[in-house]
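Enquirer: Sequence and computational prediction follow.
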Amino acid sequence: MANRKDAVMQQLNQLAGDLQELWKAATRDPAVEQRKQRAWTILSGVVGAAAAMGMRRTVAKYWPILTGEQPPTAKTPAPSPSGQAKRESSRA
């Protein structure tokens, strides 16, 4: 069985938590908190997208130096076989 000191400490910790929650409820507006959270999400998304685009450009710039070939995204797509067949049939 727990002694009296442990029981008092447990009750005081619970009271401190309840008072902290009461203070938050009295001083914070949930709508403002949601707006701040949405703004943070949008800002972090924009910064993440900008960083990704910047790094892609940087990597594309250094890829030829490191490998001696063009980056895979900079290559022109090969013509499809169906496109060649159409051109050959139109010549005939």
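Expert: Arrived safely, thanks for sending. In this text, all values refer to a predicted model and were calculated from it rather than measured experimentally.

Enquirer: Show me which positions of the helix or strand Trp63 falls within end up buried.
Expert: Assigned by DSSP states H and E, Trp63 belongs to helix 30-67. Across helix 30-67, burial judged by 16 or more other C-beta atoms under 10 Å covers Trp63. All C-beta atoms are positioned from the backbone trio N, CA, C, and that covers glycine.

Enquirer: hey, C-alpha coordinates of stretch 59-67 in PDB?
Expert: Provided in PDB are the C-alpha atoms of stretch 59-67 (Å, rounded to 0.1, in the frame of the first residue of the first chain):
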ATOM      1  CA  VAL A  59      21.800  18.600 -58.300                       C
ATOM      2  CA  ALA A  60      21.100  19.000 -62.100                       C
ATOM      3  CA  LYS A  61      23.900  21.600 -62.300                       C
ATOM      4  CA  TYR A  62      26.500  19.300 -60.600                       C
ATOM      5  CA  TRP A  63      25.300  16.000 -62.200                       C
ATOM      6  CA  PRO A  64      27.300  16.500 -65.400                       C
ATOM      7  CA  ILE A  65      30.400  17.400 -63.400                       C
ATOM      8  CA  LEU A  66      30.200  14.300 -61.200                       C
ATOM      9  CA  THR A  67      29.100  11.700 -63.800                       C
END
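
Enquirer: So what's the gap between that stretch and the chain middle?
Expert: For stretch 59-67, the separation from the chain centroid amounts to 26 Å (computed by C-alpha atoms, centre = their mean, to the nearest Å).

Enquirer: what residue lies at the spatial centre of this structure?
Expert: Nearest to the mean C-alpha position of the chain, by C-alpha atoms, centre = their mean, lies Gly45 at 5.6 Å.

Enquirer: roughly how far apart are that residue and Pro64?
Expert: 31 Å (C-beta to C-beta, to the nearest Å).

Enquirer: now Lys24
Expert: Per C-beta to C-beta, Lys24 is found 55 Å from Pro64.
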